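> give me the fold of what follows.
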Amino acid sequence: MLGIDLGERRIGVALADADGRARPHSTLRRGRTVADDAGAIRRLCEELAVAEIIVGHPLDVSGTEGEQARSTRAWAEALAPLVARPITLRDERFTSHLAEQRLGTPPRGRSGGPPSSTQRDRYRARVDREAAAIILQDELDARSDASRDRELGDPMEKTR
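Residues are numbered from 1 along each chain as shown. Now for the predicted structure:
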């Protein structure tokens with residue numbers, strides 16, 4: 001599985017390993033069109049033998065679908081036929097914040113001043129990759145939990 005954190009300028013990418021853990025993979029520059037994005041994502045999917053794509057769905061804090069979430073849904077729906085892989089949307093509320101917490105503060109510039117634009121861009125790309133890994137791990141965990149629940153069955157059934 002491939003995880004995606006879709007941004008305005010970048011696409012954070014993560015990959016699930018054989019042990020069911022999501023790992024940050026790369027950051028792609030957004031294309032001018034969905035077709036441009038699809039070409040880069042399709043190549044990654046082919047190189048990495050990806051069967052399914054998980055896209056972060058930026059719901060509002062209340063859980064409703066705002067403008068950004070609608071835009072992401074439309075992008076994912078347009079992407080699906082171009083990459084010929086199923087796409088699942090996954091709630092991504094707070095993933096970028098969590099990614100920033102995991103990575104720590106951005107680097108300082110020379111003499112402890114503000115970071116250069118290059119340093120800032122590199123840090124944002126790392127945050128995007130880490131956020132994609134969090135999105136993908138959330139989906140992997142949810143599927144694992146659902147599978148375990150099916151195997152165990154309804155605990156109330158056993159007490160009746």
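
> do a quick rundown of the helices in the chain.
With DSSP state H, the ranges of helices along the chain come out as 34-48, 67-83, 95-103, 117-152, 155-159.

> can I get those helices in JSON lines with mean neighbour count?
To be clear about C-beta, it is placed using only N, CA and C from the backbone, and glycine gets the same treatment. Shown next, in JSON lines, are the helices of the chain (neighbours: other Cβ atoms under 10 Å):
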{"stretch": "helix 34-48", "mean neighbour count": "16"}
{"stretch": "helix 67-83", "mean neighbour count": "15"}
{"stretch": "helix 95-103", "mean neighbour count": "17"}
{"stretch": "helix 117-152", "mean neighbour count": "17"}
{"stretch": "helix 155-159", "mean neighbour count": "7"}
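
> ok, of those, where does mean pLDDT dip lowest?
For the helices of the chain, mean pLDDT drops lowest on helix 155-159, to a mean of 48.

> distance to residue 12 added to the helices of the chain, as JSON lines?
Listed next are these as JSON lines, based on distance: least, Cβ to Cβ, whole Å:
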{"stretch": "helix 34-48", "distance to residue 12": "12"}
{"stretch": "helix 67-83", "distance to residue 12": "13"}
{"stretch": "helix 95-103", "distance to residue 12": "8"}
{"stretch": "helix 117-152", "distance to residue 12": "3"}
{"stretch": "helix 155-159", "distance to residue 12": "38"}
